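J.: Give me a 3D structure for the following:
(2 chains)
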There are 2 protein chains.
Amino acid sequence: MYYGGIEAGGTKFVCAVSDENFEIIEAISIPTTVPEVTMTKVFAFFDQYQLQAIGVGSFGPIDVNLDSDTYGYITSTPKKGWNNYNFVGAIKDKYNIPVAWTTDVNAAAYGEYRRGSAQQAKSCLYLTIGTGIGGGAILNEKIVEGFGHPEMGHILVRRHSADTFEGTCPYHGDCLEGLAAGPAIEQRLGKKGNMVAKDDPYWEQEAYYIAQALMTYTLILRPEKLILGGGVMKQQHLLPLIRQSFQALLNDYVAIPDLDSYIVTPGLVDHAGITGSILLAAEKAI
Amino acid sequence: MYYGGIEAGGTKFVCAVSDENFEIIEAISIPTTVPEVTMTKVFAFFDQYQLQAIGVGSFGPIDVNLDSDTYGYITSTPKKGWNNYNFVGAIKDKYNIPVAWTTDVNAAAYGEYRRGSAQQAKSCLYLTIGTGIGGGAILNEKIVEGFGHPEMGHILVRRHSADTFEGTCPYHGDCLEGLAAGPAIEQRLGKKGNMVAKDDPYWEQEAYYIAQALMTYTLILRPEKLILGGGVMKQQHLLPLIRQSFQALLNDYVAIPDLDSYIVTPGLVDHAGITGSILLAAEKAI
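T.: Modelled structure (predicted):
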């Protein structure tokens, strides 16, 4: 019994096949070009197996509303060829098997919930801070979704008093993503985050923005774990600064688990998304 | 078959008994003094009926974590006598029937979801803007709760450039509740909100704070309805200002239902909380 998973990112697709115990048997990484090219390679890979179901955690925005005519589509992306692409339809046309469909960050949250840092918890939130900022959450054993999927990276935060950068978000200027994602760091400081010294005072600002967002997520969702992934979080000195800023902001207003076990990095390291996609495929196959 | 509901507020308790169709047969309002007095009246009322279950929507903070030793308690309230009060325990000791236990705003959200403005929707958020600000949400047919219940009123918002008021929140100063709840309006302007002229420029600031919060809730939860209740919302000129500010802030970033059907007032008017409490009692009785 095999399950397929696709972690569909803006720069690369990771495809994997697992056995019935969700152990990954084979995986490939494919550059994200245009659907005709990328999906041909995806199908060539999956053609080798008799799959029970496929789970997709996709870059967005995507349509996850089952009542919508465009359920299963990537919607308004600037990425050439993928705008209004019927992703689920393409897989169903090819294999006629159940397809689980959610965002990349929802899949990562689900992977961490079942097999990663939150496997002892009943709820969690996964936030990626990289080229963009996005979040997914699990509550009551289900992915948090309503009329559509969350876009947690675009919440408004207060500016740090020392920060005059105007922000990079084409929609909101200085929302969280506009101020704190990788491109914002690079534009503000003239170099990529991994080239910025560990003791650069900027990191306190970055931590302040992320901590504000974590306070907001805490007050609205009350998850048992906040899991921070993505390229920017590879700067390991950032995590303690975030915890410190978070504690100062929340000011013990609500009970949280022990801080060091509350704000953590992904237990599955870089495999949260693909693991979650496979687990969601298995859920869909039942 | 009878169900009991308690809407336990900081100034009054509303108790009601419904039949099996959730029609309220009898209801009373009791002032909230100390537990010995208030609960004696509650029990005297319910003693008249053979109840299947009781649902409580309580002022907070309360412990809703089933794994906790103090599940069913009101926790750290300054309200005399109610601090660490075992509310669920007191009811169970008296009647030995199932008790549904949640916050006042969660009960109101559930009432609106099943019988009010959101009865056609699969998800909703209820926000009360009164003496305090609090929110409850329904997603995937369940109340949004994790390690504890949400405290949506304490999220941070950006200050309006014309507002110099320091905020009233003892924990966060100028969080949403600290800037926009009833007492903040009164302290800032020297009179209660219902005495402030409809065309007072302050209302744009109030709308800006609430709209920011609604944008944040939208991006994190994606509910199908945002329902605004509480004393401050009795100022009917506020609703259009909130919608306008919300639209400007969100800037069409995510799809929402038609704005006028998205940001609304409670369909159950002032009975969302008691209705939700009764419906939650019935759920618990099954």
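J.: Look at residue A:44 and say how many residues are nearby.
T.: Residues near residue A:44, counting by other C-beta atoms under 10 Å in any protein chain shown, number 12. C-betas here are computed from N, CA, C, even on glycine.
J.: Which residues are in contact with it?
T.: By C-beta atoms under 8 Å, 6 or more residues apart in numbering or on different chains, residue A:44 lies in contact with nothing.
J.: quick one: residue A:135 and residue A:217 touch, right?
T.: Yes: using C-beta atoms under 8 Å, residue A:135 is in contact with residue A:217, at 6.9 Å.
J.: what touches both of those two?
T.: A:125, A:127, A:152, B:220.
J.: mind listing which of the residues you listed are in strands?
T.: Judged by DSSP state E, these include A:125, A:127 as members of strands.
J.: and the shared contacts of residue A:135 and residue A:217, which are buried?
T.: Listed as buried from the shared contacts of residue A:135 and residue A:217 are A:125, A:127, A:152, B:220; burial here means 16 or more other C-beta atoms under 10 Å in any protein chain shown.
J.: thinking again about what came up before, looking at residue A:135 and residue A:217 now, which is surrounded by more residues?
T.: residue A:135 (31 against 22).
J.: can you confirm residue A:55 is in a strand?
T.: Yes: Residue A:55 sits within a strand when classified using DSSP: H, G, I helix; E, B strand; the rest coil.
J.: Write out the residues of the stretch 1-150 of chain A neighbouring chain B.
T.: Within the stretch 1-150 of chain A, the positions lying close to chain B (C-beta under 8 Å from any C-beta of the partner chain) are A:61, A:122-123, A:135, A:137, A:139-140, A:142, A:144-150.
J.: can you tell me which two in these are farthest apart?
T.: A:61 and A:122 (28.0 Å; C-beta to C-beta).
J.: on that earlier part again, just send the buried ones among the shared contacts of residue A:135 and residue A:217 back as TSV, with pLDDT and distance to residue B:88 too.
T.: Below are these laid out as TSV (pLDDT from 0 to 100; distance: C-beta to C-beta, whole Å):
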residue	pLDDT	distance to residue B:88
A:125	98	28
A:127	98	34
A:152	98	33
B:220	98	29
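J.: For the residues you listed, please prepare TSV with the additional fields distance to residue B:211.
T.: Shown next, in TSV, are these (distance: C-beta to C-beta, whole Å):
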residue	distance to residue B:211
A:125	24
A:127	24
A:152	18
B:220	15
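J.: Now compare the residues you listed and name the two farthest from each other.
T.: A:127 and B:220 (11.1 Å).
J.: what's the overlap in contacts for the two?
T.: With C-beta under 8 Å, 6+ apart, residue A:127 and residue B:220 have common neighbours A:135, A:152, A:217.
J.: Among those residues, pick out the one closest to chain B, please.
T.: residue A:152 (5.4 Å; C-beta to the nearest C-beta).
J.: Who's the closest spatial neighbour of that closest one, skipping the chain neighbours?
T.: Of all residues not flanking residue A:152 in the chain, residue A:135 sits nearest, at 3.3 Å (C-beta to C-beta, 6 or more residues apart in numbering or on different chains).
J.: how about the strands of the stretch 1-150 of chain A, start to end?
T.: A:2-8, A:12-18, A:24-31, A:51-58, A:73-74, A:85-86, A:99-103, A:124-129, A:133-139, A:142-143 (DSSP state E, counting those that start in this stretch).
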